[in-house]
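Undergrad: Got a predicted structure plus its sequence, pasted below:
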Amino acid sequence: MRAWYSFFRVIARALTQVLTRPTVSGRSNIPRTGPFFLVANHESILDPVLVQGYCPRAVHFFTKSTQFSASPVFRWFLPRVGAIPARRYRVDPQSVRTALRMLRQGDGVGIYLEGERSWDGALQPFRRGSVRLILGAGVPVVPCAVAGTYGAWPRWSRRRWRSRVSVRFGEPLHFGVHNTRAARDAALDMAAGRIADALRQLREEPS
């Protein structure tokens, strides 16, 4: 997987340099070793290419399960970049088990906490189940803010526009381990608020 991932990361960087010429900062905030969550906002179909292209470590991102059967290309490609199939709008125990296994192996796991691309470019409410997973795992959480991709390629349009794009990796957040459902529920709003605040602050930083 890692050889393919490294190859596709080179392609992703070359492609995004042509399409958007992104400004990237904060890559030193990604832990050099050990498990972590990478949580990003989701404005556009360009986001996975940018986030995974510029993250210095391989990350297993949750990807909606229907994408794995969308075409022969996706069926071949997604497993090779370590994507984790997940059903949308519901708890998916299999994807949770897979993510926890990746973390135990010392890998990074990526989540778009909004669960789908934004319809208007604004940060959408987070999926509560995803926040519970973060609280139960107890590993560092690195916020990654993508700005400008909604303007470059919005969800409602097939046409690409010119827009300044940035990718900013923030300092890791730490929430500790919440071993029970009650403990996770009690900390859920606090954790979601801290992550959302971190993403908004990163998006507002000057380029």
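TA: Arrived safely, thanks for sending. Residues are numbered from 1 along each chain as shown.
Undergrad: so how far is the helix ranked longest in the chain from its chain's centroid?
TA: Identified as the longest helix of the chain according to DSSP state H is helix 181-204. Distance, stretch centre to chain centre, for helix 181-204: 15 Å (CA atoms, centre = their mean, to the nearest Å).
Undergrad: neighbouring contacts of it?
TA: 26, 39-41, 113, 123, 126, 128, 131-132, 134-136, 141, 143-147, 168, 170, 173, 175, 178 (CB atoms under 8 Å, 6 or more residues apart in numbering). To be clear about C-beta, it is placed using only N, CA and C from the backbone, and glycine gets the same treatment.
Undergrad: Now which of the residues you listed would you call buried?
TA: Neighbour counting with 16 or more other CB atoms under 10 Å marks 26, 39-41, 113, 123, 126, 131-132, 134-136, 141, 143-147, 168, 170, 173, 175, 178 as buried within the contacts of helix 181-204.
Undergrad: mind listing which of the residues you listed are in helices?
TA: Among the buried ones among the contacts of helix 181-204, the members falling in helices (DSSP H) are 131-132, 134-136.
Undergrad: Distance to residue 60 for these - can I get that in CSV?
TA: Below are these laid out as CSV (distance: CB to CB, whole Å):
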residue, distance to residue 60
131, 18
132, 18
134, 14
135, 19
136, 17
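Undergrad: Spatially, which two of these are the most separated?
TA: Comparing all pairs in those by CB to CB, the longest separation belongs to 131 and 136, at 9.8 Å.
Undergrad: my guess is residue 63 is in a helix, correct?
TA: No - counting by DSSP: H, G, I helix; E, B strand; the rest coil, one finds residue 63 to be strand, located in no helix.
Undergrad: For the closest residue in space to it that isn't next to it in sequence, which residues are in contact?
TA: Leaving out its chain neighbours, the residue that sits closest to residue 63 by CB to CB, 6 or more residues apart in numbering is residue 83, at 4.1 Å. Applying CB under 8 Å, 6+ apart to residue 83 gives the contacts 60-63, 67-68.
Undergrad: Distance check, residue 83 against residue 65.
TA: Distance, residue 83 to residue 65, using CB to CB, to the nearest Å: 10 Å.
Undergrad: what about the strands in this protein?
TA: 23-25, 36-40, 59-64, 84-86, 108-112, 141-147, 166-169 (DSSP state E).
Undergrad: The last one packs against which elements?
TA: Contact here means 3 or more CB pairs under 8 Å, 6 or more residues apart in numbering; DSSP states H and E; on that basis strand 166-169 packs against strand 23-25, helix 47-54, strand 141-147.
Undergrad: just the fourth one next, same as before
TA: When contacts are defined as 3+ CB pairs under 8 Å, 6+ apart, strand 84-86 sits against strand 59-64, helix 93-104.
Undergrad: Contacts for that strand, please.
TA: Residues outside strand 84-86 that contact it (CB under 8 Å, 6+ apart) are 60-65, 67-68, 78, 92, 94-95, 98-99, 102, 109.
Undergrad: ok, the residues you listed vs residue 117, which is closest?
TA: Nearest to residue 117 among those, with distances taken as CB to CB, is residue 64, at 11.0 Å.
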